[in-house]
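**Student:** A predicted structure for the sequence below; I have some questions about it.
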Amino acid sequence: MAKSDDGMRILQGLLVFGNVVIGMCGIALTAECIFFVTDPHGLYSLLEATENDDIYAAAWIGIFVGFALFALSILGIIGVLKSNRTLLLVYIILMLITYAFEMASCITAATQRDFLTPNLFLKQMLERYNKSDTDNNNDKWMTEGVTKTWDKLMLQNHCCGVRGPSDWQEYTSAFRIRHKDADYPWPHNCCVMDAQGSPVNLDGCKLGVPGYYNSNGCYDAISGPMNTQAWGVAWFGFAILCWTFCVLLGTMFYWSRIEY
Amino acid sequence: RGVSHPSTAHTSPWLLTADNVQYKPSLASLLGGLTTSSTFTLEQPRCVFTTLQDDVVIWLVVAVPEAIPNFNNSVGPGTPEREFQKFPTSALAYMTLNTTILNYPCPKTPGEITVLRVGSETSCAEDNTRPTCNGPLPGPGPYQVKFLALEGSNPVAETAWSDPIVLRTAQPLSSIPTTGSRYSASMIALTSILSILFAILLGVLVAVLVFWGSNACGGSSSFSKPEAVMVQRYNTHHVYDRTAARL
């Protein structure tokens, strides 16, 4: 009797510790997902225009799941310390529901990451950047978002196009419809700018003289933050779920051994 | 670099003599915008024309390859046969980028980029009053160019024809493949591991609930209901014994 009592006490301590960790990880997950949702790199318009912004949905779910994990961990600690069967049963069931939601968030983030390829952004850029005639309000909104985002990207990261300025030469585009090839082989934002925001040497930029135009592509500047977001949500969530799995197993075992 | 050698007198009356300079116009190098879909960039003919006087005008002739065999040097620039706006339909060649030898000083300053961008003037492309416009080329080519020096209206020197220059053609953007998003190994691993863990949790929960709900022989856990029944039985047995003992 004493031995199993000791064993139960150890299990109690472990479960309390496990729930404390879950609570802290829940807060961390909420904070991380809030950070992603605020879109510090300003890339949301690009995702919105692909009409597949599930990575952001995954981050939103992460915010609420993190908070739920924190609340449930407190419930769990109280239930374990009081050895209350009802509380622990409620805890287990609610945790399983939260587990399911977090699982959905992780899988969504990981799957959507595979969807975002260079060709996807290339096609979107060529279709929407500087498009002059838009069909409806939604189209206009997305076009403006894409144009603004690309302008900002090219200025701040000193890059041009997805793979390089030759993107504008190799394919037809909405930009090409609006601007003649001889005047604008590529957008003026691809030129090296001076402090006032105008090209240092426009002719040099049009010719493609190294030093007067940005010859590298912007794909790294796009995929870097998106990868961070996808992996941050997916793999941190995965780690939390593995830990939660162990704690839940222990809780169920503890629950079955509580004396009524 | 050009060495002018004495020209032979032609018998044909319409071909005036012009010094043939041993120089072939070539595309510039190390530029990102070397050829676009309507422009191309040539090296300037520096140190090519060595015996020209300052008032001689050097023109760039742009022609389609069909015009080269019967090309007539004395057709003046700006005439209907050499009008940019009619190129390449009724005029098989046009002349543009006229300048004097003073703009091509020799020797070249080292490190200086000396190029000529053919096709950069978009403002006069449709302007019939500017037949010598350096307008954007109408198609991907091929085109061949040469430099021709005219004194007044007489050709005095010319370079060789360049190799055919082909411009870029833009592919339609609908040809970009966006499908084929393969699922990465890490995503498959993550999904399968999480699904298995979730299934295990559900299974253990169901098993624990079923175990608690049944009266099966259990471990050390003591259940309330079976205990009460046992106590009752014991009491009954004891009373029965007592009555039996009294009798």
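**Tutor:** Alright, I've got the coordinates.

**Student:** number of nearby residues for the residue nearest to B:Trp212 when sequence neighbours are not counted?
**Tutor:** Leaving aside its chain neighbours, B:Trp212 sits nearest to A:Ser256 (6.3 Å; criterion: Cβ to Cβ, 6 or more residues apart in numbering or on different chains). Quick note: C-beta positions are derived from backbone N, CA and C, even for glycine. Neighbour count of A:Ser256, defined by other Cβ atoms under 10 Å in any protein chain shown: 18.

**Student:** for A:Gln196, same thing?
**Tutor:** 5.

**Student:** which helix of chain A spans the most residues?
**Tutor:** Across chain A, the longest stretch assigned as helix under DSSP state H is helix A:219-256.

**Student:** buried ones in that one?
**Tutor:** Across helix A:219-256, burial judged by 16 or more other Cβ atoms under 10 Å in any protein chain shown covers A:219, A:221-223, A:226, A:229-230, A:232-234, A:236-238, A:240-241, A:244-245, A:247-248, A:250-252, A:254-256.

**Student:** for stretch A:43-50, give me every contacting residue.
**Tutor:** By Cβ atoms under 8 Å, 6 or more residues apart in numbering or on different chains, the list of residues contacting stretch A:43-50 from outside reads A:53, A:55-56, A:116, A:120-121, A:124, A:128, A:142-143, A:145-146, A:148-149, A:222, A:225-226.

**Student:** what residues sit buried inside the lengthiest helix in chain B?
**Tutor:** Longest helix in chain B, counting residues (DSSP H): helix B:185-213. By 16+ other Cβ under 10 Å, the buried positions in helix B:185-213 come out as B:Met187, B:Leu190, B:Thr191, B:Leu194, B:Leu197, B:Phe198, B:Leu201, B:Val204, B:Leu205, B:Val208, B:Trp212.

**Student:** low-confidence stretches in the chain?
**Tutor:** Just so you know, I chose chain A. Along chain A, segments meeting pLDDT under 70 span A:1-3, A:259-260.

**Student:** hmm, I had chain B in mind actually
**Tutor:** The model of chain B has pLDDT under 70 over residues B:1-17, B:180-181, B:213-247.

**Student:** ok, the residue in chain A positioned nearest to chain B - contacts?
**Tutor:** Residue nearest to chain B within chain A (Cβ to the nearest Cβ): A:Gly208, separated by 2.6 Å. Going by Cβ under 8 Å, 6+ apart, A:Gly208 touches A:Pro165, A:Pro185, A:Ser215, B:Leu31, B:Gly32, B:Gly33, B:Leu34.

**Student:** mind checking the SS state of the second one?
**Tutor:** Judged by DSSP: H, G, I helix; E, B strand; the rest coil, the three-state class of A:Pro185 is coil.

**Student:** what of B:Ser90?
**Tutor:** Following three-state DSSP, the label given to B:Ser90 is coil.

**Student:** wait, A:Ser223 touches A:Leu116, no?
**Tutor:** Yes: counting by Cβ atoms under 8 Å, A:Ser223 touches A:Leu116, with 7.1 Å between them.

**Student:** ok, A:Cys190 touching A:Leu202?
**Tutor:** No: between A:Cys190 and A:Leu202 there is no contact under Cβ under 8 Å: 11.3 Å.

**Student:** neighbour-wise, which of those two wins?
**Tutor:** Using other Cβ under 10 Å as the criterion, A:Cys190 and A:Leu202 rank with A:Cys190 on top: 27 against 14.

**Student:** leaving out chain neighbours, which residue sits closest to that one?
**Tutor:** Nearest non-adjacent residue to A:Cys190, counting by Cβ to Cβ, 6+ apart: A:Cys160, 3.6 Å away.

**Student:** quick one: distance of the longest helix of chain A to the chain centre.
**Tutor:** Distance, stretch centre to chain centre, for helix A:219-256: 13 Å (Cα atoms, centre = their mean, to the nearest Å).

**Student:** now it and helix B:185-213, what's the angle there?
**Tutor:** Counting by axes from the mean of the first three to the mean of the last three Cα atoms, to 10 degrees, helix A:219-256 lies at 10 degrees to helix B:185-213.

**Student:** quick check on the contacts of stretch A:43-50: which are buried?
**Tutor:** Buried members of the contacts of stretch A:43-50, counted by 16+ other Cβ under 10 Å: A:53, A:55-56, A:116, A:120-121, A:124, A:128, A:142-143, A:145-146, A:149, A:222, A:226.

**Student:** just these: which are in helices?
**Tutor:** The helices, defined by DSSP H, take in A:55-56, A:120-121, A:124, A:128, A:142-143, A:145-146, A:149, A:222, A:226 from the buried ones among the contacts of stretch A:43-50.

**Student:** intersect those with the contacts of chain B.
**Tutor:** When contact is defined as Cβ under 8 Å from any Cβ of the partner chain, those meet chain B at A:Leu120.

**Student:** tell me the secondary structure at the residue nearest to A:Cys190.
**Tutor:** Per three-state DSSP, A:Cys160 ends up coil.

**Student:** how many residues are close by it?
**Tutor:** Quick note: A:Cys160 (other Cβ under 10 Å) scores 27 neighbours.

**Student:** am I right that it is in contact with A:Pro185?
**Tutor:** No: using Cβ under 8 Å, A:Cys160 makes no contact with A:Pro185, being 10.5 Å away.

**Student:** residue contacts, the closest residue to B:Leu52 other than its chain neighbours?
**Tutor:** Of all residues not flanking B:Leu52 in the chain, B:Ile101 sits nearest, at 4.8 Å (Cβ to Cβ, 6+ apart). Contact partners of B:Ile101, counting by Cβ under 8 Å, 6+ apart, are B:Phe49, B:Leu52, B:Gln53, B:Asp54, B:Val56, B:Ile58.

**Student:** could you look up the SS state of the nearest residue to A:Asp181 once chain neighbours are set aside?
**Tutor:** Spatially, and ignoring its direct neighbours in sequence, A:Asp181 is nearest to B:Ser38 (4.6 Å; Cβ to Cβ, 6+ apart). At B:Ser38 the chain is in coil, as set by three-state DSSP.
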